[in-house]
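1. build me a model from this:
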Amino acid sequence: MLNSNDSNGKAGLLLRTASKLLDFIIIAAVMELIPNAGYFAGLAYILLGDGFFDGRSLGKKLLKLKVVSTENNAPCTFRESILRNSTFAVGLGLTILPWIGWLFLLGIIILEFILVLGSTDGKRLGDEFANTMVIES
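-> Numbers count the residues shown, from 1 in each chain. Next up, the predicted model:
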């Protein structure tokens with residue numbers, strides 16, 4: 001759990017949404033630039049992205065957000081990043097199926113959005129899996 005004297009507070013929904021959108025734009029660009037391997041590079045980035053840059057994906061780094069463990073306030077590890085982003089990776093993985101995959105990904109995004117809105121700690125399902133939270137840094 002975060003200490004009460006910690007100056008970093010939970011990140012707002014708008015910043016979190018914007019950072020994930022930036023990450024998805026990066027993934028889309030990679031998928032277009034590297035046609036054969038871009039799909040797998042995108043999946044790898046979704047899974048591992050929050051483990052880079054001291055708990056920051058590129059989108060979070062640009063918007064000054066950080067993923068930390070709720071147990072010890074340490075930056076997100078690659079293991080935690082895989083756990084917290086597995087829901088998005090499954091959705092992205094299913095996009096190879098026409099319509100159904102994209103609808104499933106959209107459903108996951110909407111579910112995660114609703115969970116963040118309803119959570120007092122600002123946690124989505126992936127954060128619950130990995131015992132993490134996103135803070136402003």
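2. in the protein, which helix is the longest?
-> helix 13-33 (DSSP state H).
3. which element is encountered next along the chain beyond that helix?
-> Per DSSP states H and E, the first helix or strand lying C-terminal to helix 13-33 is helix 38-48.
4. ok, residues contacting stretch 116-133?
-> 2, 10-13, 16, 50, 67-71, 76, 79-81, 83-88, 111-113, 115, 134 (Cβ atoms under 8 Å, 6 or more residues apart in numbering). C-beta here means a position set from N, CA and C on the backbone, and glycine is covered the same way.
5. now that we have these, which of them are buried?
-> 2, 10-11, 16, 50, 67-69, 76, 80-81, 83-88, 112, 115, 134 (16 or more other Cβ atoms under 10 Å).
6. let's see which of those end up in strands.
-> V67, V68, S69, V134 (DSSP state E).
7. could you give the bridge partners of the third one?
-> This means S69. T132 (DSSP bridges).
8. thanks a lot, catch you later.
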